[in-house]
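Student: Quick one, structure for this:
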Amino acid sequence: MATSWTRKKGTRRVTNGCTCSTSYLCRDRAWRRGGVAEHATCVASGTWTTTRKKAFVPRNVCLDALKVSFQGVPGAYSEQAAKKCYPDAEVVPCPDFETTHKQVADSSVDRAVIPVENSLGGSIHVNYDLLMKYRLHITGEVYHKVRHCLLANPGVAKEDIRRVQSHPQALAQCDGYLDSLNDGVIKEAVDDTAGAAQGISLDKDCRDTAALASSLAGELYGLDLLDQDCQDNDQNLTRFIILSRDPLAISEDKEYKTSIVFTAGDEPGDLFKALSVFALRDIYLTKIENRPIPQFIVESMDNEDLFQNLFYVDFKGSLSDESCQNALRHLSEVSAFMRILGSYPADA
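Tutor: Predicted structure coming up:
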C-alpha cells in the first residue's frame with residue numbers, strides 16, 4: 001500500500017496506521033502540544049486504531065504459526081536470518097524485496113526479515129526506499145555473520161574449479177580468495193548466492209564451476225563443501241530488520257533502538273538544527289542515511305514543493321523515554337516531515 005501524502009499548512013503529512021492526534025507525524029500543532037507523548041503511549045500500550053477508525057488490538061499469534069517472508073530462494077542468507085529470529089516459523093521465499101514487503105502489507109505473511117546494511121558493502125538502498133512505500137513497522141533487528149562457502153557438484157575437486165558464480169557483493173567480498181584460487185578463476189555474477197547454488201545443482205555435468213553461498217544452500221541442493229569462510233574480511237556482518245503490520249508494544253526491561261525518517265531544509269544549518277535535537281539530550285545516533293526522495297513519492301508532489309532529501313536515523317532509546325519524546329517533538333518543529341518507522345529491542 002503506497003504511503004499517502006497530503007497538503008497540510010505548507011507541509012506534507014503522512015499517516016502511519018495510527019489515529020492518535022500525531023498520525024501524520026509531521027510539523028503540526030498536535031506535536032507541539034504533546035502529541036509525541038500521546039503517540040508513544042499508543043504504541044507502548046500495544047493498542048491503537050487503524051486509519052479506518054476501527055479498534056484494533058494486536059493478535060496473539062503463536063510464534064510457531066508465524067509465516068515469515070524473505071528475499072531469495074531457499075538457502076539464502078536472508079532465510080538463515082529469518083530462522084534465527086523465528087526458528088519455528090514457516091519461511092516464505094520471495095523473488096524480490098518489493099514482494100517481500102507486499103506480502104506483509106496484504107497479510108499473506110506475518111513478518112518479513114530484510115537486510116538493510118552490511119559491514120563491508122554498506123547500505124541496501126532499495127529497502128530504505130521501500131520503507132517509505134509500505135506502511136510497515138520495524139519491530140526488531142538481528143545481526144547475522146555472513147560465512148561464504150565454496151560449493152560444487154558431488155565429486156568435483158577444488159582443483160577443478162575454473163569459474164565461480166554468486167551475487168556481485170559476495171564475489172567482491174571474496175575477491176582476494178578468488179584471485180588466489182587455482183591462479184585465479186572467472187567470476188560470474190548472478191541474482192543471489194543461493195540461486196547460484198541451485199543453478200549448479202540442476203546441471204550435473206557442470207564440473208568446473210562452483211558457487212559462493214551459505215552452508216545451508218549446500219545442504220539443500222546436495223552440493224559438496226569445498227571450502228568455507230572464503231570472505232577476505234572475517235568481520236562480515238549483515239544487519240536485518242523485522243517488519244510487521246503492527247508496531248511493537250514497548251517493554252521496560254530491554255535496550256531499544258528507534259528508527260525515524262525526516263526531511264531537512266536546504267538552508268545553511270538546517271541539518272545541524274535537526275540533528276542537534278539529539279545531541280542536546282545526549283541521545284546516541286547509531287546510523288544516519290541520506291537518500292533522495294523515491295520516485296513514487298516525487299510523482300505525487302508539486303514540483304515547487306519537493307523535499308530534496310530524506311534522512312533515515314537510528315538512535316538508542318524507545319518511544320517511552322521522555323528524552324526521546326522531547327527530541328522528536330523538537331525535531332517536528334524544525335523539520336517539515338517526520339515519520340517514526342519503529343521502536344524495537346536492539347540486537348546485542
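Student: Compute the number of surrounding residues for Pro168.
Tutor: By other CB atoms under 10 Å, the residues close to Pro168 number 13. The C-beta positions use only the backbone N, C-alpha and C, and glycine is treated the same way.
Student: Quick check: closest non-adjacent residue to it.
Tutor: Ala189 (4.4 Å; CB to CB, 6 or more residues apart in numbering).
Student: residues in contact with that neighbour?
Tutor: By CB atoms under 8 Å, 6 or more residues apart in numbering, the residues touching Ala189 are 165-168, 171.
Student: How much space separates it from Asn153?
Tutor: 20 Å (CB to CB, to the nearest Å).
Student: now the helices for the stretch 151-300 of the chain?
Tutor: 168-173, 175-180, 193-201, 215-220, 270-279, 295-298 (DSSP state H, counting those that start in this stretch).
Student: Looking at those helices, which is nearest to Ser320?
Tutor: helix 270-279 (16.8 Å; CB to CB).
Student: Identify all contacting residues around that closest one.
Tutor: 262, 264, 284-285, 288, 311, 313, 315, 327-328, 330-331, 334-335.
Student: mind checking how far stretch 235-250 is from the chain centre?
Tutor: Put simply, stretch 235-250 sits 7 Å off its chain's centre (CA atoms, centre = their mean, to the nearest Å).
Student: between the contacts of helix 270-279, which has the most around it?
Tutor: Leu328 (28 neighbours).
Student: Filter the contacts of Ala189 down to just the buried residues.
Tutor: 165-167, 171 (16 or more other CB atoms under 10 Å).
Student: between those, which is nearest Ala112?
Tutor: His167 (19.3 Å).
Student: my guess is the closest one meets Ala194, correct?
Tutor: No - taking contacts as CB atoms under 8 Å, His167 lies outside contact range of Ala194: 9.1 Å.
Student: what's the burial count for Leu150?
Tutor: Quick note: Leu150 (other CB under 10 Å) scores 25 neighbours.
Student: does it belong to a helix or a strand, and which?
Tutor: strand 149-152 (DSSP states H and E).
Student: Please identify the buried residues of that strand?
Tutor: Going by 16+ other CB under 10 Å, strand 149-152 has these buried residues: 149-152.
Student: So what are the structural domains in the protein, by residue number?
Tutor: 11-58+248-345, 66-144, 149-228 (automatic domain parsing).
Student: Select, out of these, the one closest to Leu237.
Tutor: Among the domains of the chain, domain 66-144 comes nearest to Leu237, with 4.4 Å by CB to CB.
Student: start to end distance for the closest one?
Tutor: 21 Å (CA to CA, to the nearest Å).
Student: ditto for stretch 290-310
Tutor: 6 Å.
Student: Is Asn309 in contact with Ala264, as I believe?
Tutor: Yes - using CB under 8 Å, Asn309 makes contact with Ala264 at a distance of 7.0 Å.
Student: of the contacts of Ala189, closest to Arg245?
Tutor: For the contacts of Ala189, the nearest to Arg245 is His167 (29.1 Å; CB to CB).
Student: list the contacts for the closest one?
Tutor: Contacts of His167 (CB under 8 Å, 6+ apart): 189-193, 196, 212.
Student: The strand holding Leu150: partners in the sheet, and parallel or antiparallel?
Tutor: strand 209-213 (antiparallel), strand 224-228 (antiparallel) (DSSP bridges).
Student: What are the contacting residues of the first one?
Tutor: Spelled out, it's strand 209-213. With CB under 8 Å, 6+ apart as the criterion, strand 209-213 contacts 75, 148-152, 156, 161-167, 170-171, 174, 188, 193-194, 196-197, 199-200, 217, 223, 226, 230.
Student: what pLDDT does Val116 get?
Tutor: With respect to pLDDT, Val116 has a value of 94.
Student: Just list whatever residues bridge to the residue nearest to Pro168.
Tutor: Residues in beta-bridge contact with Ala189 (DSSP bridges): Ser166.
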